[in-house]
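*Asks:* Please find the sequence and the predicted model below.
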Protein chains: 2
Amino acid sequence: MQELPLTALPAEQTERADAASNRRRILAAATELFAQRGAACVSMQDVAKAAGVGMGTMYRRFGDRAGLTFALLGERHRVFQERLLHGAPPLGPGALAAERLHAFGRARIALLDDGEADMLLTTADPGGSTLRGPDAAYRTHLAILLREAAPALDVEYAVDTLVMAFDARLHLHLRHERGWTIARVQDGWCALADAWLAAGAR
Amino acid sequence: MQELPLTALPAEQTERADAASNRRRILAAATELFAQRGAACVSMQDVAKAAGVGMGTMYRRFGDRAGLTFALLGERHRVFQERLLHGAPPLGPGALAAERLHAFGRARIALLDDGEADMLLTTADPGGSTLRGPDAAYRTHLAILLREAAPALDVEYAVDTLVMAFDARLHLHLRHERGWTIARVQDGWCALADAWLAAGAR
DNA sequence: GTACGAATCGGAACTAAGTCCGCTTACTCG
DNA sequence: CGAGTAAGCGGACTTAGTTCCGATTCGTAC
């Protein structure tokens, strides 16, 4: 039991000033290096040196390379999530579940295609983003839509298959090895969503 | 244009005797060490030392850790593939596509559950098995069944979603973190297959 | 049996991720 | 304002995968 502060403090009230500054410098350095050379050609050492901090600082803050990568993607995903929760339909509330699913899938894949997949590929487990990374946050969103429109499903499993389809390695494989257009990938995902909806509608 | 040999030679006719012997020793050593300590606690050094060969030999033969792992899984998958192609229905030919899909998925997941997922997890990219590893061989099988029973689909994409569901990390997550029974995982996969079939039937 | 070329071998060297721990410094409280 | 203290810092170290290259050995042809 402790006294409540009289003024609202930011969520990171426990972060020391130097720590916050280092975090910003690390993120800035990483952003710049990744943009310059591509994520595949940047080591954690490189980032630490460019940010002027030691390895310990980076790992204390971000845990591992995946953590740093997810943090870099954080801002765009905060924006995206905001649009899901409070934006205009069909991405936001107000459209039918099927339409919202389609809009979500297409937008998510567009983000993947826009550099995100390359970054995720350099994490130890590219597929890990579906469990730990940005996509983990979308599980709930998908689950709500599916539960509403397809209650007869094992919704959790269906959600897993839908997010697995965002796997970075798969995406790059489809786009580059197989030369698919982004539209084909998006259409495929929407077909998967529709198949689940049809199977789970009462 | 060269003379045909009078006697049929094994496929590895170009493999030198010492190379073949080393390959066998490496596989034997790896099998034993993996069984003893678990794949996660065995380094490539350990295998090389136990097999009495150098690192160069291992990497010349198997390319990387994933290659060695896939080779270890090779035998059981050769047997499994044989059952798919020439075994009794419903795994083998002679049953309806839906039944064959279910049988295949259940059997594949049983293999995953039986130690395979742990081994795959120690490769750099656990999900890579669906592109390079044992599952790559099953794409064709799935594609044939789907093309036959659900011609209206983008069969290639549907196949991708079906094999992504064999991802080792996902499997271990479902089984251990979420505590699902193997039956629930198998049922989920069969539901996915059915959803695609229903969506793609004319 | 011998000599030769090429495939193969072995292990040292390289890279990069992630850990450890003694030192430093920002914040707090008297 | 001046300790005290716990969080934070830095960079050497550890570990493991992968690469390289000079030495070796196999298979063959004479």
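*Replies:* Happy to help now that I have it. Predicted, not measured: the structure shown is a model, and the values here were computed from it.

*Asks:* So the residue nearest to A:Pro89 when sequence neighbours are not counted: helix, strand or coil?
*Replies:* In this structure, A:Pro89 finds its nearest non-sequential neighbour in A:Ala95, 3.8 Å apart by C-beta to C-beta, 6 or more residues apart in numbering or on different chains. Every residue, glycine included, has its C-beta placed from N, CA and C. Following DSSP: H, G, I helix; E, B strand; the rest coil, A:Ala95 is assigned to coil.

*Asks:* what number of residues lie near A:Ala95?
*Replies:* 15 (other C-beta atoms under 10 Å in any protein chain shown).

*Asks:* cool, A:His141 as well?
*Replies:* The burial count for A:His141: 16, using other C-beta under 10 Å.

*Asks:* pLDDT score assigned to it?
*Replies:* If you check A:His141, the pLDDT there is 97.

*Asks:* Against B:Leu174, how distant is it?
*Replies:* Using C-beta to C-beta, to the nearest Å, we find A:His141 at a distance of 20 Å from B:Leu174.

*Asks:* Double-check the residue nearest to A:Pro89 against A:Phe104; I have them as touching.
*Replies:* No. Using C-beta atoms under 8 Å, A:Ala95 makes no contact with A:Phe104, being 10.5 Å away.

*Asks:* Excluding residues flanking it in the chain, which one is nearest the residue nearest to the spatial centre of chain A?
*Replies:* The residue lying closest to the centre of chain A (C-alpha atoms, centre = their mean) is A:Pro134, at 2.3 Å. Excluding its sequence neighbours, the residue lying closest to A:Pro134 (C-beta to C-beta, 6+ apart) is A:His77, at 4.6 Å.

*Asks:* Could you identify the helix or strand that succeeds the host helix or strand of the one you found?
*Replies:* Using DSSP states H and E, A:His77 maps to helix A:65-86. Sequence-wise, the next helix or strand downstream of helix A:65-86 (DSSP H and E) is helix A:97-111.

*Asks:* Got the domain ranges for chain A?
*Replies:* A:11-63, A:65-200 (automatic domain parsing).

*Asks:* of those domains, which approaches DNA strand D most closely?
*Replies:* domain A:11-63 (2.2 Å; C-beta to the nearest atom of the strand).

*Asks:* model confidence over the closest one, on average?
*Replies:* pLDDT averaged over domain A:11-63 gives 91.

*Asks:* Which of the residues in the helix holding A:His77 are classified as buried?
*Replies:* Residues of helix A:65-86 classed as buried: A:65-73, A:77, A:80, A:84 (neighbour count, 16 or more other C-beta atoms under 10 Å in any protein chain shown).

*Asks:* Chain A: helices as residue ranges?
*Replies:* Using DSSP state H, the helices of chain A run over A:17-37, A:44-51, A:55-62, A:65-86, A:97-111, A:117-121, A:138-149, A:155-164, A:168-172, A:182-200.

*Asks:* circling back to that earlier point, can you pull the contacts of the residue nearest to the centre of chain A?
*Replies:* Going by C-beta atoms under 8 Å, 6 or more residues apart in numbering or on different chains, A:Pro134 touches A:70, A:73-74, A:77.

*Asks:* Relative to DNA strand C, how far out is A:Pro151?
*Replies:* 40 Å (C-beta to the nearest atom of the strand, to the nearest Å).

*Asks:* nope, A:Phe104 is what I was after
*Replies:* Taken as C-beta to the nearest atom of the strand, the span from A:Phe104 to DNA strand C is 30 Å.
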